[in-house]
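# Okay, predicted coordinates and the sequence, questions at the end:
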Number of protein chains: 2
Amino acid sequence: MSRLPLDPVEEARRHWVEHGWGDAADGMAAVTSVMRAQQILLARADEVLRPYGLTFARYEVLMLLLFSRSGRLPLRTTVTRLQVHPTSVGSAVDRLVRDGLVEREPHPTDGRAVIVVLTDLGRKTATEATEALNREVFADVGVPERRVGPLVSVLRDLRRAAGDF
Amino acid sequence: MSRLPLDPVEEARRHWVEHGWGDAADGMAAVTSVMRAQQILLARADEVLRPYGLTFARYEVLMLLLFSRSGRLPLRTTVTRLQVHPTSVGSAVDRLVRDGLVEREPHPTDGRAVIVVLTDLGRKTATEATEALNREVFADVGVPERRVGPLVSVLRDLRRAAGDF
DNA sequence: TCCGGATCGTAGGACGTCCTCAGAAAGTAG
DNA sequence: CTACTTTCTGAGGACGTCCTACGATCCGGA
């Protein structure tokens, strides 16, 4: 993967201004920056998770179950908390079941619903994977310490404005 | 899409601290925030682009060609600038060709390479789509004006540290 | 000149995301 | 109790991303 001579986001911003789109240049730069940052961070996380047979999407499902303490949640609950499409969680759960990390159970009172249950292997894997992620990714995301707070804060505003919570 | 009672990122941070992972909690919050912000912004962009038969990935290819002024670039150049895998750009170009927005041409001197050429329809579509994106997404990304600059700045640091440029 | 390594693009496959549609079950109004 | 609406899940498909493997081409050094 080669290093570019110039920041592609700043290059795009320059083109935006040249085309008379200056009033949208900052927004374009923000959106493009977030897109690329996500790509970088997701690649790092997936690389660390690969030895555990996980991806970040499946890891998020496992962590939700780990935090539930009883290790079991309705599928619908995970869909709501993870803010993704039902079929996305569905396929993640399918692969977690395939690998023995979770199990599907029928809901005791709602015949439509499904309960996802963390297995012992799933609990062990989630814990070990978290320690690896903490060490290899989260402990240093490549942003100066004092700028992490403001970053999370501004993105929280964005998420709130988008109706997440 | 339902609104959650609490910020899921802050909920996760709380769980991180409770599990003794406090030193990685900020990084986890930063990574998770970026992931969700990207999902929100990508969904908005794709929605605005849908009437033009575009996705954000294909739109980025078109804009690179539009800015090249001759409207033609080696495929390799677009792969490098967009920082994605060659096969990702390949499939994007396939669909752009299918829709008549670009054409493939052989490279005049390098038998391995491919030149991607913007068609008149592609140029027109890219321009109109940009005006829609500027109006509907980039002009107001849901972040206070004065915080956009720092956001772009901190993510530029992250991208630079990751070796992008 | 020739040959071995590097580069470019593509094919096939795994995965995650979204969409629409369908069916089953639950809830609700009458 | 019936009929209508809503909720939950799964099937099938489109798309973007990545990976590995492969063939074709280029290039530089022997």
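That came through, no problem. Worth saying up front: this structure is predicted, and the values here are computed from it rather than measured.
# Helix, strand or coil: sort out the spatially closest residue to residue A:93 that is not a sequence neighbour for me.
The shortest distance from residue A:93 to any non-neighbouring residue, by Cβ to Cβ, 6 or more residues apart in numbering or on different chains, is to residue A:116 (5.7 Å). For the C-beta atoms, the positions are set from N, CA and C on the backbone; glycine is no exception. Following DSSP: H, G, I helix; E, B strand; the rest coil, we place residue A:116 in the strand state.
# Return the distance of residue A:116 relative to residue A:131.
Relative to residue A:131, residue A:116 is positioned 23 Å away (Cβ to Cβ, to the nearest Å).
# Of the two, which one has the most company?
Each of residue A:116 and residue A:131 has its neighbours counted (other Cβ atoms under 10 Å in any protein chain shown); residue A:116 has more, 26 against 11.
# Tell me how far the more buried one lies from chain B.
17 Å (Cβ to the nearest Cβ, to the nearest Å).
# Pretty sure that residue sits against residue A:61.
Yes - between residue A:116 and residue A:61 there is a contact under Cβ atoms under 8 Å: 7.5 Å.
# who touches both of the two?
Shared contacts of residue A:116 and residue A:61 (Cβ atoms under 8 Å, 6 or more residues apart in numbering or on different chains): A:78, A:93, A:102.
# who wins for most neighbours among those?
residue A:102 (29 neighbours).
# The closest residue to that residue other than its chain neighbours: neighbouring residues, count only.
Excluding the flanking residues, the one nearest residue A:102 by Cβ to Cβ, 6+ apart is residue A:96, at 4.4 Å. Residue A:96 sits with 25 neighbouring residues when counted by other Cβ under 10 Å.
# near DNA strand D at all, the lengthiest helix in chain A?
The longest helix of chain A (DSSP state H) is helix A:22-49. Yes - Helix A:22-49 comes into contact with DNA strand D (Cβ under 7 Å from any atom of the strand), by way of A:39, A:43.
# average pLDDT across the helix or strand that that helix is followed by?
Note on helix A:22-49: by DSSP states H and E, the next helix or strand toward the C-terminus is helix A:56-67. Averaged across helix A:56-67, pLDDT comes to 98.
# same check, this time on stretch A:27-37
On average, stretch A:27-37 scores 98.
# what residues does that stretch touch?
A:8-10, A:12-13, A:16, A:21, B:34, B:37-38, B:41-42, B:45, B:56, B:83, B:133-134, B:137-141, B:143, B:148, B:151-152, B:155-156, B:158-159, B:164.
# for the closest residue in space to residue A:115 that isn't next to it in sequence, helix, strand, or coil?
Nearest in space to residue A:115, with sequence neighbours left out and distances taken as Cβ to Cβ, 6+ apart, is residue A:105 at 4.3 Å. Here residue A:105 is recorded as strand under three-state DSSP.
# Give the full set of residues in contact with residue A:105.
Going by Cβ under 8 Å, 6+ apart, the list of residues near residue A:105 reads A:72, A:114, A:115, A:116, A:117.
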